[in-house]
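Participant: Build me a model:
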Amino acid sequence: MVDYDILSDEEREALNEVMLAALPDSPQRVLIVDDDRDARELLAEILSLNDISCMTAAGGNSAMHLIENKESIALL
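Facilitator: The predicted structure follows:
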């Protein structure tokens, strides 16, 4: 696999902690918020290659709506 190295060490550590702490019967998702559509989709694609489920939002309002309505978001 190609290492895209788009996450900082802190982001990589946070993602690892969330994915390790996930309950087996409760799917956990990462919410990617960025106004750049290409950046959102690229990051979601890269994470999905590593079996990490993602949701995306174009901005704060849509992110807040998802956070309020989806309990499975584990990392923003």
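Participant: Angles on the backbone of Val30, please.
Facilitator: Dihedral angles of Val30 (phi, psi; degrees, to the nearest 10) stand at phi -100, psi 130.
Participant: ugh, wrong one, I meant Ile52
Facilitator: Residue torsions, per degrees, to the nearest 10, at Ile52 are phi -110, psi 120.
Participant: Which residue is the nearest non-sequential neighbour of it?
Facilitator: Excluding the flanking residues, the one nearest Ile52 by CB to CB, 6 or more residues apart in numbering is Val30, at 6.0 Å. Just so you know, the C-beta spots here come from the backbone N, C-alpha and C atoms, and that holds for glycine as well.
Participant: The residue lying closest to Arg29 once chain neighbours are set aside: neighbour count?
Facilitator: Distance criterion CB to CB, 6+ apart; nearest residue to Arg29, sequence neighbours excluded, is Ser53 at 4.5 Å. Other residues lying near Ser53 total 16 when counted by other CB atoms under 10 Å.
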